[in-house]
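Participant: Return atomic coordinates for the entry below.
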Amino acid sequence: MKNNILYILVFFGMVFFPKPIYAQDTRPAAEEPTDDLGNVSDAFQDSFFEALKQKGIENYELAIAALRKAEKAAKNDPHQEAVVYFEMGKNLTQLKQYEEAEENFNKVLKTQGDRLDVLEALYDLYYLEKDYDAAIPLVQKLIRFDDDYKEDLANLYSRTKQYDKALNILDELDEIWGESDYRDALRSQIYRQTGNTSGQIENLEHKIDTNPKNEKDYLNLIFLYSEQGDTQKAFDTAKELLEKNPKSQLAHLALYKFYLENGEFNKAINSMKIVFRSSEVDSDGKYRVLSDFIQFVNTNTQYEKDLDEAVALFSVENNGKVYEQLGGYYSDKGMKEEALKFYEKGVAKDPDNFSLLKKTLLLQINFNKFSEAGKLSADALEIFPAQPFLYLVNGVANIKLNNIDDAIESLENGIDYLFDDLKMEKDFYEQLSIAFLQKGDREKGDHYAKKASEIKYPN
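Facilitator: Below is the predicted model of the structure:
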């Protein structure tokens, strides 16, 4: 039975400590520790087995109680005690008893050396405690195992306001591994926290000199110049990007705005159309450009045709959001029929967009498009079966189409989903009254009319 302990621990996911890893390990093989615990007592095995079982079902207090019994049964065997202390630390961490957990992890390190798994567990603990100062020397040890921890060290230096050290590590890693979005974001965060915009600009200018093909660095530099109010430098940088990369699509993400501000409208429109065609510009960027385009056309209505063409380019993404924005533009101008045209195109592409759906149905009812509203609301109820607004619109549409039984069914079903909306409740009762009166059932028609009249809105 004693020899079964290793099988049991492996079965329950317990991996014994690996051999310690050092930068240079010159000890003779005979002195290397093994994973064999040797002979263990039944009491140790039973208690340790119970601890693993309780931890597996997240009964951490019971797991700790079992580990204390296993510790006694270990009878001062350093290797067995180390295994117990490690498990004890992990359970105490789960219980947020961080100080005691730290003590147990350190007991293991004291007797077993710098074990990777223990160092990682202790690092997790320090991070949970936000004790970044304590984490730094630990991560310096972890770097001996894995260079990836250098990024963690840069982050810790940033969190402890040792910004120069953090930047030095980031530069070193960029030199060795190349750039990364994570390191760029951390570097930008440091510059923001220190207010060292000039340092960030210098860094980007150096990166552009080193690699003029990296369009992202140009865009970041344009953004920084714009933030500083240096519009001319931002514009010059955008033009430089296009000069160095004539096929750049991202350059136009910046250029269109400068062209607009300079009154070069044809160039601006051309840049915007390039953005809308681009496979490199993400949807958020395109929506920002569209919003600016709509505002521009609002005061320069002679360019509405260009706006329609731009939307046609953008809409190939098969997303209704662009049509919703354009419909909103025409709706705000009082051009409701034009707005409905775009809303209907949008909802056909994006039937899960409830906001767009609602705007479309209201305008369809407003323009007496009852057949379209009836079908659209019925289809929408397949997606949103608990939305009372859809039942109400469907009821109104069917009343107008003289489908009275369908209208009554929809209205009676929908009223069950109402919750603290007195206005909509009154609308339901009024429409039910109309439906029953149209059917010839005056008693029910009067009943619902009375219920509608009894609803008073709070002051």
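Participant: residues contacting Ala348?
Facilitator: Contact analysis of Ala348 by Cβ atoms under 8 Å, 6 or more residues apart in numbering lists Gly320. Every residue, glycine included, has its C-beta placed from N, CA and C.
Participant: count of residues packed around Asn211?
Facilitator: As a burial measure, Asn211 scores 11 neighbours (other Cβ atoms under 10 Å).
Participant: Phi and psi next, for it.
Facilitator: Backbone torsions of Asn211, given as degrees, to the nearest 10, read phi -140, psi 80.
Participant: Now do the contacts for the most centrally placed residue in the chain.
Facilitator: By Cα atoms, centre = their mean, the chain has its centre lying nearest to Asp284, at 13.9 Å. Residues near Asp284 by Cβ under 8 Å, 6+ apart: none.
Participant: Just the pLDDT for it.
Facilitator: What the model reports for Asp284 is a pLDDT of 75.
Participant: Going by neighbour count, which residues in whichever strand or helix holds it are buried?
Facilitator: Assigned by DSSP states H and E, Asp284 belongs to helix 283-299. Using 16 or more other Cβ atoms under 10 Å as the test for burial, helix 283-299 gives 286, 289-290, 293-294, 296-297.
Participant: Could you give the separation of whatever helix or strand comes next after that helix from the chain centroid?
Facilitator: Per DSSP H and E, the first helix or strand lying C-terminal to helix 283-299 is helix 304-314. Computed by Cα atoms, centre = their mean, to the nearest Å, the chain-centroid distance of helix 304-314 equals 31 Å.
Participant: Distance check, the residue lying closest to Gln228 once chain neighbours are set aside against Lys273.
Facilitator: In space, Gln228 comes closest to Thr197 once its chain neighbours are excluded; the distance is 6.4 Å by Cβ to Cβ, 6 or more residues apart in numbering. To Lys273, Thr197 is 33 Å away according to Cβ to Cβ, to the nearest Å.
Participant: Tell me which of the two has more neighbours.
Facilitator: Between Thr197 and Lys273, counting by other Cβ under 10 Å, Lys273 is the more crowded of the two (20 against 14).
Participant: my read: that one touches Val311, true?
Facilitator: No. Assessed by Cβ atoms under 8 Å, Lys273 is found out of contact with Val311, at 10.4 Å.
Participant: what does the domain assignment say about the protein?
Facilitator: For the chain, automatic domain parsing gives the domain ranges 1-133, 368-459.
Participant: hey, least reliable of these by pLDDT?
Facilitator: Among the domains of the chain, domain 1-133 carries the lowest mean pLDDT (a mean of 74).
Participant: residue ranges for the strands of the stretch 1-150 of the chain, please.
Facilitator: Using DSSP state E, counting those that start in this stretch, no strands are assigned anywhere in the stretch 1-150 of the chain.
Participant: could you dump the strand or helix carrying Ile408 to PDB, C-alpha only?
Facilitator: Ile408 is part of helix 404-414, with elements assigned from DSSP H and E. Extracted in PDB, the C-alpha atoms of helix 404-414 (Å, rounded to 0.1, in the frame of the first residue of the first chain):
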ATOM      1  CA  ILE A 404     -58.200  40.700 -36.000                       C
ATOM      2  CA  ASP A 405     -57.700  37.300 -34.400                       C
ATOM      3  CA  ASP A 406     -53.900  37.400 -35.000                       C
ATOM      4  CA  ALA A 407     -53.900  40.900 -33.500                       C
ATOM      5  CA  ILE A 408     -55.700  39.800 -30.400                       C
ATOM      6  CA  GLU A 409     -53.500  36.800 -29.900                       C
ATOM      7  CA  SER A 410     -50.400  38.900 -30.200                       C
ATOM      8  CA  LEU A 411     -51.600  41.600 -27.900                       C
ATOM      9  CA  GLU A 412     -52.800  39.200 -25.200                       C
ATOM     10  CA  ASN A 413     -49.500  37.300 -25.300                       C
ATOM     11  CA  GLY A 414     -47.400  40.400 -25.200                       C
END
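Participant: List the contacts of it.
Facilitator: 388, 390-392, 394-399, 428, 431-432, 435-436, 438-439.
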